[in-house]
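1. make a model of this:
(one chain, ligands or ions: 1)
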Amino acid sequence: MDEMRDRLQELRVTAAEQLAAAPDAVAVDQLRTALLGRSGVLTVLLRDLGTVPAADRPALGQLANEVRSEVEGSILARLAALQGTALEARLAAERLDMSAPGRPSRIGHLHPLMTVERDLREIFHAFGFEVFEGPEIETDAMNFEALNIPPDHPSRDLWDTLYVAEPGSDPPRPAEDGTILRTHTSPVQIRAMQALQPPIRVVTPGRCYRYEAVDAGHNFEFFQVEGLVVDHDSSMADLKGMLEEFARALYGEGTRTRFRPGYYPFTEPSVAFDVACLVCGGGGCPACGRTGWMTILGAGMVHPAVLVAGGIDPDEYQGYAFGMGLDRITLLRHGIPDLRLLMSADLRFLSQFSAGR
Ligand code: DAH
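-> Below you'll find the model as predicted:
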């Protein structure tokens, strides 16, 4: 009897100590099994109660039950305490400092070419033009023939063309269906005439491609904006007035301009449109070839054959068109010395243009 009592008392003390020292919930659980499990120390002790004399059993049984509920109580208390510390630790570690300054999010900005494109869209929008876009992958028929440039015509030399290869051809030869990369935005004139009813007043910004040796002033990939107006009486006078207004909107009120005769197969007559050199102001410098002028676009009255290709009756309608490159406008705007920088995707270069202009 005394031995049994001693064992229980000892257990009471060691169990309390062990539980109080258990570092985490897993350790508490292991102790629970070791004490109260099927072959746990206390369970075994209770089973041994059957071997003590009957007279001693009630007192010992009561003690054993006390110890048991004490152990159970200690287990719960230890678990609760552990949970509390775990929560405290998390709160300390994950604490949000509401007073800390925010992390600035990195806001991107438009590529300088796209800023120029948007500016042109805006100017032409104010002039009543809507935007009409066409595909970069075109057919020879649209890019040349519909624009009054027959196969083998010498004027094709104006556009060094990138041909899409006929699938499976080796060595590669031009695709039989005439698929090419458009060399200018002019084929969109045809698409616009085919899709819209006069009066037509559209601008068509977009990427073009030519077979060029790449250097500071040439790239195989570049941007143009085309313009097309078709109406009963659109005239050369309209074209000239509109372009003069355009130059002032883009380069400022005092901008001096001039028209020169030009040649394009899809316009007749054709003109080149110049502004006073944007670098020297007209005195003559290397940037303008010492002429004092810079050509910014080509234009003219739409050739009747082009109207016909667009499904428009040239006896009823006439039109004017113009086309300009965006790359040079962008270079001049920012004083960028090399066209290749525009396509470099180099953030050290591009992030200089976050202000837009
Ligand atoms: N497509 C011509 C080029 O890329 C530019 C051009 C000239 C467009 C005269 C026109 C135009 O619409 O009338 O060189």
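
2. what's the distance between the residue nearest to residue 32 when sequence neighbours are not counted and residue 25?
-> In this structure, residue 32 finds its nearest non-sequential neighbour in residue 75, 5.6 Å apart by C-beta to C-beta, 6 or more residues apart in numbering. The C-beta positions use only the backbone N, C-alpha and C, and glycine is treated the same way. Per C-beta to C-beta, to the nearest Å, residue 75 is found 10 Å from residue 25.

3. how much space between residue 277 and the ligand?
-> The gap separating residue 277 from the ligand is 21 Å, by C-beta to the nearest ligand atom, to the nearest Å.

4. report the contact partners of that residue.
-> By C-beta atoms under 8 Å, 6 or more residues apart in numbering, residue 277 lies in contact with 283-285, 287-288, 291-294.

5. counting neighbours, which of these comes out on top?
-> Using other C-beta atoms under 10 Å as the neighbour test, those are led by residue 288, with 21 neighbours.

6. wait, doesn't it sit right on residue 279?
-> Yes - if you go by C-beta atoms under 8 Å, residue 288 and residue 279 touch, sitting 6.6 Å apart.

7. follow-up on the earlier one: got the buried residues for the helix or strand where the residue nearest to residue 32 lies?
-> Assigned by DSSP states H and E, residue 75 belongs to helix 57-93. Across helix 57-93, burial judged by 16 or more other C-beta atoms under 10 Å covers 57, 60, 63-64, 67-68, 71, 74-75, 78-79, 82.

8. which of the residues you listed sits closest to the ligand?
-> The nearest member of the buried residues of helix 57-93 to the ligand, counting by C-beta to the nearest ligand atom, is residue 82 at 77.4 Å.

9. distance of the closest one from residue 264?
-> Using C-beta to C-beta, one gets 85 Å for the distance from residue 82 to residue 264.

10. if we ignore the residues flanking it in sequence, what's nearest the residue of the stretch 1-150 of the chain at minimum distance from the ligand?
-> Nearest residue of the stretch 1-150 of the chain to the ligand: residue 147, at 8.0 Å (C-beta to the nearest ligand atom). Nearest residue to residue 147, sequence neighbours excluded (C-beta to C-beta, 6+ apart): residue 266, at 4.2 Å.

11. quick check: the one you found touching residue 145?
-> No - using C-beta under 8 Å, residue 266 is not in contact with residue 145; the gap is 10.8 Å.
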